[in-house]
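>>> give me coordinates for this.
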Amino acid sequence: MDNVLRQSPDLPSSADRIMRHSQLLSVQLQNLRQQMYPPEAMKSLRTFSSKDAAALLGIAESTLRQMSLDGEAVIPDRQDNGRRVYTLPQLNEIRAYLANRRPSEGLDFLPRRRPGDKLQVLAIANFKGGSAKTTTTVHLAHYLALQGLRVLAIDLDPQASLSTMFGYQPEFDVDANQTLYAAIRYDENERVPLSAVIRRTYFDGVDIVPGNLELMEYEHETPQAIAKGLSRGEGMFFRRLKTVLAEVEDNYDVVLIDAPPQLGYLTLGALYAATGLLITVHPAMLDVASMNQFLAMTSDLLGVIEDAGGSLEHDFIRYVLTRHNPHDVPQVNVVALLRSLFGQDVLAASVVDTTAIASAGLEKKSLYEMTRGSVGRDTLNRALESVDAVNAEIFRHIKTVWGRK
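Numbers count the residues shown, from 1 in each chain. Predicted coordinates for the structure are as follows:
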């Protein structure tokens, strides 16, 4: 009887059933997005009060107010209650104005790369699910943009969570040959410049190369390309990402790569292209054990790259503690273990486990996009303090590479 049921033509196959579930969920996600971001169904960034704007610019609120009264730099919008509000593009205009007006403080107001500063390419990696890899990437991208930097975010994960956070639903918004795959594929007739797949985002200063399932094609095609001799010299699989980044490096200060949660050809390309490596880790024993396997496999594979002529020189490698509960004794013990083993390679700051990040994620937002009344002022402030501390520490490493104090 069971065999008859399984073989009955009236019953859908597992593949058909899963495909139907995928289609149903995709349509529902699209409907939810249109409800959240009407009428264009696209995200937009909130405005900033005078107080928040002054804090981001590093000047007194009274100075910003006086600039507005004197008609300097930009004229902010006003709310119904008369309060001034600024957009992020306006803040960047003020940064440029202040940097020009006070040259001795130019790097404080506009800390972008200067001639001779190396493009910073940071790969955020780990193959353990739940390590907050994408969340770390989004918050770092937003933080750096709020400091006035030009950021390119690259979604290398076929699951495309990073793209979703920036408002792109991969099934609807990212067509064939519109991911990084299009720029590094082996078919020369179909390959396009990296600039052709870069998209502007609603967050001024952040561009993105979105991802979708098409990225898996690179994993499938690379073994064939190696067998056919197509992966040689500068066209070797692990060099291709670094090569195409050189096409656009003058347009950005920092590139953030959200690597896939496995050690495939895409991840190895990201590790080779990177000038810095951020390894996210949830301080629980199972996660640390998984990370240990990741490190062992990474070491072996990077050795293969070096044997093939690839030079691996990371300016820094840092472990980022995520979802950390400082009141959880087992977690505290794990953190102490990591610090005793790796020393300063573990960031001093950690991202605390907080409902604020989870609430923001439900709205496809980072903490920097949340309003003060959305999750509770104190909860949001504590979460922001934690994330700011982590991102500021990473930014300090970047500035150290650039030779700044």
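
>>> how is the chain carved up into domains?
As assigned by the TED database, the chain contains the domains 48-109, 120-402.

>>> tabulate these (a markdown table), appending mean pLDDT.
Formatted as a markdown table, the domains of the chain follow (pLDDT from 0 to 100):
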| stretch | mean pLDDT |
| --- | --- |
| domain 48-109 | 91 |
| domain 120-402 | 92 |
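
>>> for the stretch 101-250 of the chain, which segments count as strands?
120-125, 151-155, 199-200, 206-209 (DSSP state E, counting those that start in this stretch).

>>> picking that back up, which of the domains of the chain sits most buried?
domain 120-402 (a mean of 19; mean count of other C-beta atoms under 10 Å). Heads up, the C-betas are built off the backbone N, CA and C, glycines and all.

>>> distance from the chain centre to that domain, please.
5 Å (C-alpha atoms, centre = their mean, to the nearest Å).

>>> from Arg382, how far off is the residue nearest in space to the middle of the chain?
The residue lying closest to the centre of the chain (C-alpha atoms, centre = their mean) is Thr137, at 2.8 Å. Remark: distance between Thr137 and Arg382 (C-beta to C-beta, to the nearest Å) = 22 Å.

>>> and the nearest residue to Arg84 once chain neighbours are set aside, what is it in contact with?
Leaving aside its chain neighbours, Arg84 sits nearest to Pro76 (4.2 Å; criterion: C-beta to C-beta, 6 or more residues apart in numbering). Contacts here follow C-beta atoms under 8 Å, 6 or more residues apart in numbering; on that basis Pro76 touches 50, 53, 68, 84-86, 90.

>>> what's the answer for Gln120, then?
253-255, 275-276, 315, 398, 401.

>>> nearest to Ile124, of those residues?
Nearest to Ile124, judged by C-beta to C-beta, of those is Gly276 at 9.8 Å.

>>> surely Pro158 meets Ala259?
No - with contact defined as C-beta atoms under 8 Å, Pro158 does not count as touching Ala259 (11.4 Å).

>>> can you tell me the closest non-neighbouring residue to Gly361?
Per C-beta to C-beta, 6+ apart, closest to Gly361 is Thr135, 6.9 Å.

>>> any idea how far the one you found lies from Lys118?
Distance from Thr135 to Lys118, by C-beta to C-beta: 27 Å.

>>> Pro89 too?
Distance from Pro89 to Lys118, by C-beta to C-beta: 27 Å.

>>> before we move on, the earlier item: and the residue nearest to the centre of the chain, how far from Tyr265?
Thr137 is 20 Å from Tyr265, by C-beta to C-beta.

>>> same question, His220
10 Å.

>>> just Tyr143 next, same as before
Applying C-beta to C-beta to Tyr143 and Tyr265 gives a distance of 30 Å.

>>> what about the residue lying closest to Thr87 once chain neighbours are set aside, how many neighbours?
In this structure, Thr87 finds its nearest non-sequential neighbour in Thr47, 5.6 Å apart by C-beta to C-beta, 6+ apart. By other C-beta atoms under 10 Å, the residues close to Thr47 number 17.

>>> what ranges does the stretch 201-350 of the chain have for its helices?
216-228, 240-245, 265-273, 285-307, 329-342 (DSSP state H, counting those that start in this stretch).

>>> mind putting the ones you listed into CSV with distance to Asp388?
Below are those laid out as CSV (distance: least, C-beta to C-beta, whole Å):
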stretch, distance to Asp388
helix 216-228, 35
helix 240-245, 28
helix 265-273, 26
helix 285-307, 24
helix 329-342, 19
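
>>> possible to save the contacts of Pro76 as CSV with distance to Gly167?
Below are the contacts of Pro76 laid out as CSV (distance: C-beta to C-beta, whole Å):
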residue, distance to Gly167
Ser50, 27
Ala53, 24
Ser68, 31
Arg84, 27
Val85, 22
Tyr86, 22
Gln90, 21
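
>>> quick one: which of those is nearest Val329?
Ala53 (41.5 Å).

>>> so where does the closest one fall, helix or strand?
helix 50-57 (DSSP states H and E).

>>> which helices and strands sit right next to that helix?
In terms of contacts (3 or more C-beta pairs under 8 Å, 6 or more residues apart in numbering; DSSP states H and E), helix 50-57 is packed against helix 61-69, strand 84-86, helix 88-101.

>>> who wins for proximity to Gly309 among those?
Across the helices and strands packed on helix 50-57, closest to Gly309 is helix 88-101 (C-beta to C-beta), at 41.2 Å.

>>> for that closest one, output the C-alpha coordinates as PDB.
The C-alpha trace of helix 88-101 is given here as PDB (Å, rounded to 0.1, in the frame of the first residue of the first chain):
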ATOM      1  CA  LEU A  88      22.200  61.600   5.100                       C
ATOM      2  CA  PRO A  89      23.100  63.200   1.700                       C
ATOM      3  CA  GLN A  90      22.800  66.600   3.400                       C
ATOM      4  CA  LEU A  91      25.100  65.500   6.200                       C
ATOM      5  CA  ASN A  92      27.700  64.400   3.700                       C
ATOM      6  CA  GLU A  93      27.400  67.800   2.000                       C
ATOM      7  CA  ILE A  94      28.100  69.500   5.400                       C
ATOM      8  CA  ARG A  95      31.000  67.100   5.900                       C
ATOM      9  CA  ALA A  96      32.600  68.300   2.600                       C
ATOM     10  CA  TYR A  97      31.900  71.900   3.500                       C
ATOM     11  CA  LEU A  98      33.500  71.600   6.900                       C
ATOM     12  CA  ALA A  99      36.500  69.700   5.600                       C
ATOM     13  CA  ASN A 100      37.100  72.500   3.000                       C
ATOM     14  CA  ARG A 101      36.500  75.200   5.600                       C
END
